[in-house]
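any chance you could fold what I've pasted below:
(one chain, ligands or ions: 1)
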Amino acid sequence: MTVASRKAQVGSRRSQVVSLALVLAVFAVAHGQEPKSLGYSDTPMLPGGKWHVHDGTRPQPTVVTPGTFSTQETPGAPPSDAVVLFDGRDLSKWQNEKGQPAAWKIESGAMVVAAGAGGIQTRESFGDCQLHVEWSAPSPPKGEGQDRGNSGVFLMSRYEIQVLDSFHAQTYPDGQAAAIYGQFPPLVNAARRPGEWQTYDIVFTAPRFNGQAVAAPATVTVFHNGIVVHNHTTLIGSTVHRALGKYDVHPTKAPLMLQDHAHPVRYRNIWIRQVKSYDEP
Ligand code: MG
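Down below sits the predicted model:
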């Protein structure tokens with residue numbers, strides 16, 4: 001076939017497709033179907049003055065493939081847009097507080113606090129986020145009160161969601177498992193027994209500062225083993241021991257930190273998602 005005749009063939013196919021589209025459009029109009037529209041433009045404006053109610057031109061939310069839930073035996077899969085901080089294999093996303101490689105141990109797909117190695121923090125910084133963490137207290141249990149399976153998830157390296165063995169074990173309530181340390185006890189004690197895997201699902205909004213002033217305090221929602229234990233709670237400030245927390249001005253993003261409290265607490269399946277504003281791609 002010559003080049004000219006091939007071009008002619010492609011051209012005629014194209015015109016066939018165009019004709020078919022035209023026939024379908026005429027058919028649709030003849031049958032009273034309007035051109036496809038996703039919504040309305042004659043509806044009231046929503047607060048903010050940007051979008052109508054049911055506005056079809058509003059940006060379509062980004063498609064994310066959901067993950068799967070974990071079982072005691074097997075960690076679940078993270079959602080497709082999560083930053084995986086620990087998948088059981090290595091500590092490459094972490095470092096110690098001096099910026100050196102993280103020296104916690106890896107055993108059977110879990111990372112284990114190495115007493116004396118110090119807390120570990122992510123190399124990357126995060127602000128508003130959804131965080132999933134799984135942890136397991138030492139079994140058999142040892143010690144009592146704060147000296148029993150103690151570690152901690154420090155959002156922005158400053159705001160601690162307590163990790164502690166609180167299964168049939170008591171301490172001051174604002175220091176038990178899932179407490180916002182020194183500020184709020186969990187709404188209920190949803191602790192599993194030591195050695196079992198437990199989950200924290202955390203939605204955190206970073207504080208906003210205006211110069212030296214707090215423009216908006218941090219808020220946090222926490223699910224412990226799927227049970228809500230903090231419901232959009234406003235933090236008093238950084239979480240501290242035997243003192244009243246207060247806010248110190250800090251950047252909009254900061255590393256996530258896990259605490260070394262000298263107990264061999266185990267972690268697995270840690271992932272985080274940036275939480276954006278509506279209509280933000
Ligand atoms: Mg702690």
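
count of neighbours near the residue of the chain found nearest the ion?
Going by CB to the ion, the ion is nearest to residue 152 of the chain, at 3.2 Å. For the C-beta atoms, the positions are set from N, CA and C on the backbone; glycine is no exception. Close neighbours of residue 152, defined as other CB atoms under 10 Å, add up to 21.

which helix or which strand is home to it?
Per DSSP states H and E, residue 152 falls inside strand 151-155.

counting by contacts, list what the helix or strand following that strand packs against.
Using DSSP H and E, the helix or strand that follows strand 151-155 in sequence is strand 159-163. With contacts taken as 3 or more CB pairs under 8 Å, 6 or more residues apart in numbering; DSSP states H and E, strand 159-163 sits against strand 151-155, strand 198-205, strand 219-224.

distance between the longest one and the chain's centre?
Read that as strand 198-205. From the chain centre to the centre of strand 198-205 is a distance of 7 Å (CA atoms, centre = their mean, to the nearest Å).

what residues does the stretch 101-250 of the chain have near the ion?
With CB under 5 Å from the ion as the criterion, the stretch 101-250 of the chain meets the ion at residues 150, 152.

kindly recompute the last result at 8 Å.
The stretch 101-250 of the chain comes close to the ion at residues 146, 150-152, 160, 162-164, 175, 181, as judged by CB under 8 Å from the ion.

list the contacts of the closest residue in space to residue 72 that isn't next to it in sequence.
Nearest residue to residue 72, sequence neighbours excluded (CB to CB, 6 or more residues apart in numbering): residue 197, at 5.5 Å. By CB atoms under 8 Å, 6 or more residues apart in numbering, residue 197 lies in contact with 70, 72, 134-136, 268.

out of the residues you listed, which is most surrounded?
Within the contacts of residue 197, most neighbours by other CB under 10 Å means residue 135, with 25 neighbours.

any idea which element that residue lies in?
strand 129-136.

related to what we said a few turns ago, report the two of the contacts of residue 197 separated the most.
The span of the contacts of residue 197, defined through CB to CB, is set by 72 and 135 at 12.9 Å.

how close does the residue of the chain closest to the ion get to residue 266?
14 Å (CB to CB, to the nearest Å).

how many residues are close by the closest residue to residue 78 other than its chain neighbours?
Of all residues not flanking residue 78 in the chain, residue 271 sits nearest, at 4.0 Å (CB to CB, 6+ apart). Per other CB under 10 Å, the neighbour tally for residue 271 reads 22.

how about the strands of the stretch 151-281 of the chain, start to end?
Counting by DSSP state E, counting those that start in this stretch, the stretch 151-281 of the chain has strands at residues 151-155, 159-163, 198-205, 208-210, 213-216, 219-224, 227-234, 254-258, 266-274.

just name the most buried of those.
strand 159-163 (a mean of 26; mean count of other CB atoms under 10 Å).

got the CA positions of that strand in PDB?
The C-alpha coordinates for strand 159-163 follow below in PDB (Å, rounded to 0.1, in the frame of the first residue of the first chain):
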ATOM      1  CA  TYR A 159       2.600  16.000  70.800                       C
ATOM      2  CA  GLU A 160       2.500  12.600  72.300                       C
ATOM      3  CA  ILE A 161      -0.100   9.900  71.900                       C
ATOM      4  CA  GLN A 162       1.000   7.600  74.700                       C
ATOM      5  CA  VAL A 163       2.000   4.000  74.100                       C
END
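
centre of the chain to that strand, how far?
That offset, for strand 159-163, works out to 15 Å (CA atoms, centre = their mean).

average pLDDT across it?
When pLDDT is averaged along strand 159-163, the result is 98.

quick one: residues contacting residue 237.
Contacts of residue 237 by CB under 8 Å, 6+ apart are 217, 244-248.

ugh, wrong one, residue 150
162-165, 259, 261-263, 265.

out of those, which end up buried?
Taking 16 or more other CB atoms under 10 Å as the criterion, what is buried in those is 162-165, 259, 261, 263, 265.

I'd assumed residue 191 was in contact with residue 229.
No - assessed by CB atoms under 8 Å, residue 229 is found out of contact with residue 191, at 10.3 Å.

quick one, helices of this structure?
In the chain, the helices defined using DSSP state H lie at 3-30.
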